[in-house]
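Student: pasting the sequence and the predicted coordinates here, then a few questions.
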Amino acid sequence: MTRDEALDSIKANVENANLVKHMLATEAIMRALAKRLGEDEEEWGLTGLLHDIDVELTEGDMDSHSKLGADLTRELGASDAMTHAILCHNEMHDIPRETKLDKALFCADPLTGLIIAAALVRPDKKLAGLEAKSVMKRFKEKSFAAGANREQISLCSQIGLELAEFIQLGLESMQGIAEDLGL
Ligand SMILES: [Fe+2]
């Protein structure tokens, strides 16, 4: 599967621009994590890019969310490792996260929301001037972007990253695609 094929499938299945941006942000973080950990950047990036492709199709039905996504990405030619990571990023299925890819996707997913929210409260609403230490401060404010699950983000420890490094890497990777994110 090429990245263009993945994007075409996203265009066909996802209308909400913010959801597409979330998937692009997750891709950026996953690529940076793969680079940092010496893993396959393309495989990890495409897993992040496609992980929520079924959100609109499943219309909030959490029992099907990520099962359908795994099927769709399998049809696109995703590896078993990719479909497994997509499948188990939805905790509802109670499928253990086994591989580094599974664990990376799980902790990268909520980090995007925290970083986007931290950018949006800045006067310029831009990612460019945002510093990792501000994101860390926001991380500690429980009521700030409460939907960005802190416990889940902290599971970066399972792939060998300290929280501060994970936030820095996530922020830098999203700053690299700020234009695509409209931030
Ligand atoms: Fe997600």
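Tutor: Looks like it arrived, so ask away. Numbering: from 1, shown residues only.
Student: now the helices for the protein?
Tutor: Assigned by DSSP state H, the helices in the chain fall at 3-13, 17-37, 41-50, 67-75, 80-88, 100-120, 132-140, 150-154, 163-175, 178-181.
Student: does the fourth one come close to the ion?
Tutor: Which is helix 67-75. No: using Cβ under 5 Å from the ion, helix 67-75 never reaches the ion; the gap is at least 9.9 Å. For the C-beta atoms, the positions are set from N, CA and C on the backbone; glycine is no exception.
Student: any chance of the helices of the chain in CSV, with mean neighbour count and mean pLDDT too?
Tutor: Formatted as CSV, those follow (neighbours: other Cβ atoms under 10 Å; pLDDT from 0 to 100):
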stretch, mean neighbour count, mean pLDDT
helix 3-13, 14, 97
helix 17-37, 21, 98
helix 41-50, 24, 98
helix 67-75, 19, 95
helix 80-88, 21, 97
helix 100-120, 23, 98
helix 132-140, 16, 98
helix 150-154, 15, 98
helix 163-175, 21, 98
helix 178-181, 14, 97
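Student: could I get these as a markdown table with distance to E59?
Tutor: Shown next, in a markdown table, are the helices of the chain (distance: least, Cβ to Cβ, whole Å):
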| stretch | distance to E59 |
| --- | --- |
| helix 3-13 | 12 |
| helix 17-37 | 13 |
| helix 41-50 | 18 |
| helix 67-75 | 11 |
| helix 80-88 | 18 |
| helix 100-120 | 19 |
| helix 132-140 | 31 |
| helix 150-154 | 23 |
| helix 163-175 | 28 |
| helix 178-181 | 25 |
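Student: OK, contacts around the residue lying closest to S154 once chain neighbours are set aside?
Tutor: What sits nearest to S154 in space, not counting adjacent residues and going by Cβ to Cβ, 6 or more residues apart in numbering, is L163, at 6.0 Å. Neighbouring residues of L163 by Cβ atoms under 8 Å, 6 or more residues apart in numbering: 136, 139, 153-154, 156-157.
Student: the residue most central in space within the chain - nearest residue in space that isn't next to it in sequence?
Tutor: The C-alpha lying nearest the average C-alpha coordinate of the chain belongs to T26 (Cα atoms, centre = their mean; 2.7 Å). Residue nearest to T26 in three dimensions, not counting chain neighbours: G48, with 3.8 Å by Cβ to Cβ, 6+ apart.
Student: great, nothing more from me.
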